[in-house]
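Enquirer: this one's sequence-less:
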């Protein structure tokens with residue numbers, strides 16, 4: 001009988017040791033809108049135990065956790081971080097709210113230099129009606145000053 005009770009007590013201790021807990025929840029803004037891509041870190045004595053990030057609906061889930069007391073850190077770009085201590089003895093679901101964080105940037109000064117652009121200067125010459133209708137480009141070029149056309153007939 002003593003042996004049976006001892007085995008039963010031992011098996012009960014094993015079952016309690018290996019019981020796994022899950023921690024889940026949803027993360028929203030102050031307006032109640034879900035926040036996606038929030039990083040969730042579950043820490044025990046400054047050691048990361050579990051990591052997760054929220055989906056497009058702001059939901060997250062951490063599974064296969066041992067019963068214990070943990071610190072949870074929530075962080076997202078553009079929002080203030082949240083740190084909280086939680087005690088897990090059974091499956092737990094908790095919702096969080098993150099506040100938008102204003103980011104103050106230093107002033108930005110944009111300077112530029114205008115590149116030098118060199119353009120060629122030229123002249124525009126219009127051909128007479130006679131030159132346009134002649135059908136001979138060499139003869140037409142003879143009307144343009146500064147151009148020498150060696151037209152051979």
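Expert: Right, received. Where do you want to start? This structure is a prediction, so every number in the text was calculated from the model and none was measured.
Enquirer: for stretch 29-49, give me every contacting residue.
Expert: 23, 26-28, 50-60, 62, 65, 68-77, 79, 97-100 (CB atoms under 8 Å, 6 or more residues apart in numbering). C-beta here means a position set from N, CA and C on the backbone, and glycine is covered the same way.
Enquirer: give me the buried entries from those residues.
Expert: Neighbour-count burial (16 or more other CB atoms under 10 Å) applied to those gives 23, 26-28, 50, 52, 54, 58-60, 62, 65, 70, 72, 74, 76, 79, 98.
Enquirer: so where is this protein shaky, pLDDT-wise?
Expert: 1-19, 151-153 (pLDDT under 70).
Enquirer: quick one, helices of it?
Expert: 2-17, 129-134, 137-141 (DSSP state H).
Enquirer: please report how far the residue nearest to residue 79 when sequence neighbours are not counted lies from residue 90.
Expert: Using CB to CB, 6 or more residues apart in numbering and skipping the chain neighbours, the partner closest in space to residue 79 is residue 98 (4.1 Å). Distance check for residue 98 against residue 90: by CB to CB, to the nearest Å, it reads 26 Å.
Enquirer: what does residue 25 give?
Expert: Residue 25 is 15 Å from residue 90, by CB to CB.
Enquirer: compare those two (neighbour count), which wins?
Expert: residue 25 (19 against 8; other CB atoms under 10 Å).
Enquirer: which residues touch that one?
Expert: Contacts of residue 25 (CB under 8 Å, 6+ apart): 59-60, 93-96.
Enquirer: in JSON lines: those residues, plus distance to residue 40.
Expert: Shown next, in JSON lines, are the contacts of residue 25 (distance: CB to CB, whole Å):
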{"residue": "59", "distance to residue 40": "11"}
{"residue": "60", "distance to residue 40": "5"}
{"residue": "93", "distance to residue 40": "13"}
{"residue": "94", "distance to residue 40": "11"}
{"residue": "95", "distance to residue 40": "13"}
{"residue": "96", "distance to residue 40": "9"}
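Enquirer: quickly name whichever of the residues you listed is closest to residue 133.
Expert: Residue 133 has its nearest neighbour among these in residue 59, at 81.5 Å by CB to CB.
Enquirer: name the nearest residue to that closest one, ignoring sequence neighbours.
Expert: Residue 59 sits nearest to residue 26 (CB to CB, 6+ apart), 5.2 Å away.
Enquirer: any figure for the gap between that neighbour and residue 102?
Expert: For residue 26, the distance to residue 102 (CB to CB) stands at 24 Å.
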